[in-house]
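**Student:** Pasting the sequence and the predicted coordinates here, then a few questions.
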Amino acid sequence: MKLIPSETVAQAWVEACQHLVSIQPSWTDTTVVLHIDKPTLIRRQDRAVADALDSFLVKHDGHPNHTVAETIFPAYEYVRGGVEGVYTAYPEEVYPLIEKHPDARHWGTYAYRLLRRKGPDGVIYNPLKECIKKMHDTNRKRAAYEVGLGFGFDLATYDDDEDRGLRMGGPCLSHLSFKLKDKKIHLAAMYRSHHYVQRAYGNLLGLARLQAFVAEQVGVESGPLVCHSTMAVLEHGTEPYGWSKDEVSSLIAQCENLMRGDAMLRVV
């Protein structure tokens, strides 16, 4: 078990990778928890780390961080079309194209699951929109704040009906829990399995964008982000990943050096 407190997404990712490298020889650990105080903060050194990882992934035919982040929150559609770009354009126009990809059964469906679900009555609804609507009602539930516990709103990304037959593949992001406390949105995410080279940085970036979106819709600030990987692995091997252990070691060493750079504020 490892708890990693950090200020930014990049810092959390680098320190988690350093921890996994220390777990010899597997580079694997259970219960790795990242606590990120300012998930939307990107400093100069954070950008340098992200660029280094992107270059590594692209060189090895992997998905860059932005592509991974878009599977959790469609930021491009938000920038292009605002809230309706997220609520309508993405699930109705963009996702049908993604769904045709052979990997869509196993990966890349998180955003759609957050925006379209079928209720017990067979009616399609928007879980994220309903979650935000509940947060707007909190002024009438003041007793929930009497002991400072906040008021919780949970979104499940694992679907028993769709996913119970899969032993491998399927959604690794299992659960999202939002808390509205002290006029800030807190987000906790649970991953049943987490690949730190291919996915973790992009996942954290997507979660930070989702959290910022929810905070903006509620009219409050974005608070800390917690990511709990019940199984975390710094994956390597020319088969099936396409990169060796030495190459990953060099990448992490490069990112450690970049993280020591000067700070400059940016926004996700």
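**Tutor:** That came in fine, so what should we check first?
**Student:** Please count neighbours and contacts with C-alpha atoms only from this point.
**Tutor:** Fine.
**Student:** average model confidence for stretch 186-201?
**Tutor:** Within the predicted structure, the mean pLDDT of stretch 186-201 is 94.
**Student:** whoops, I mixed them up, stretch 113-133
**Tutor:** Across stretch 113-133, the per-residue pLDDT values average to 88.
**Student:** Alpha carbons of that stretch, as PDB, please.
**Tutor:** What follows is stretch 113-133, C-alpha atoms only, in PDB (Å, rounded to 0.1, in the frame of the first residue of the first chain):
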ATOM      1  CA  ARG A 113     -21.200   5.500 -19.700                       C
ATOM      2  CA  LEU A 114     -21.300   8.800 -17.700                       C
ATOM      3  CA  LEU A 115     -23.600  10.400 -20.200                       C
ATOM      4  CA  ARG A 116     -26.000   7.700 -21.300                       C
ATOM      5  CA  ARG A 117     -27.500   4.900 -19.200                       C
ATOM      6  CA  LYS A 118     -30.700   2.900 -19.300                       C
ATOM      7  CA  GLY A 119     -32.800   2.900 -16.200                       C
ATOM      8  CA  PRO A 120     -34.800  -0.100 -14.900                       C
ATOM      9  CA  ASP A 121     -37.800   1.300 -16.800                       C
ATOM     10  CA  GLY A 122     -35.900   1.200 -20.000                       C
ATOM     11  CA  VAL A 123     -35.700   5.000 -20.300                       C
ATOM     12  CA  ILE A 124     -32.300   6.500 -21.300                       C
ATOM     13  CA  TYR A 125     -30.900   9.100 -19.000                       C
ATOM     14  CA  ASN A 126     -27.800  11.200 -18.400                       C
ATOM     15  CA  PRO A 127     -26.100  10.100 -15.100                       C
ATOM     16  CA  LEU A 128     -23.600  13.000 -15.100                       C
ATOM     17  CA  LYS A 129     -26.400  15.600 -15.700                       C
ATOM     18  CA  GLU A 130     -28.500  14.100 -12.900                       C
ATOM     19  CA  CYS A 131     -25.500  14.000 -10.600                       C
ATOM     20  CA  ILE A 132     -25.000  17.800 -11.100                       C
ATOM     21  CA  LYS A 133     -28.700  18.500 -10.700                       C
END
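**Student:** Which secondary structure state does residue 3 sit in?
**Tutor:** At residue 3, secondary structure determined by DSSP: H, G, I helix; E, B strand; the rest coil is strand.
**Student:** Pretty sure it sits against residue 29.
**Tutor:** No - taking Cα atoms under 8 Å as the definition, residue 3 is not a contact partner of residue 29, at 11.6 Å.
**Student:** out of those two, which sits in the busier spot?
**Tutor:** Taking residue 3 and residue 29 together and counting by other Cα atoms under 10 Å, residue 29 has the greater number of neighbours (20 against 12).
**Student:** and the closest residue to that one other than its chain neighbours, how many neighbours?
**Tutor:** With sequence-adjacent residues excluded and distances taken as Cα to Cα, 6 or more residues apart in numbering, residue 29 is closest to residue 232, at 5.4 Å. A count of nearby residues for residue 232, using other Cα under 10 Å, gives 24.
**Student:** Please identify which helix or strand holds residue 232.
**Tutor:** Using DSSP states H and E, residue 232 sits in strand 221-233.
**Student:** which element follows that strand toward the C-terminus?
**Tutor:** Counting by DSSP H and E, the element after strand 221-233 in chain order, helix or strand, is helix 245-258.
**Student:** Give me the buried positions along that next one.
**Tutor:** Neighbour-count burial for helix 245-258, counted by 16 or more other Cα atoms under 10 Å, picks out 248, 249, 251, 252, 255, 256, 258.
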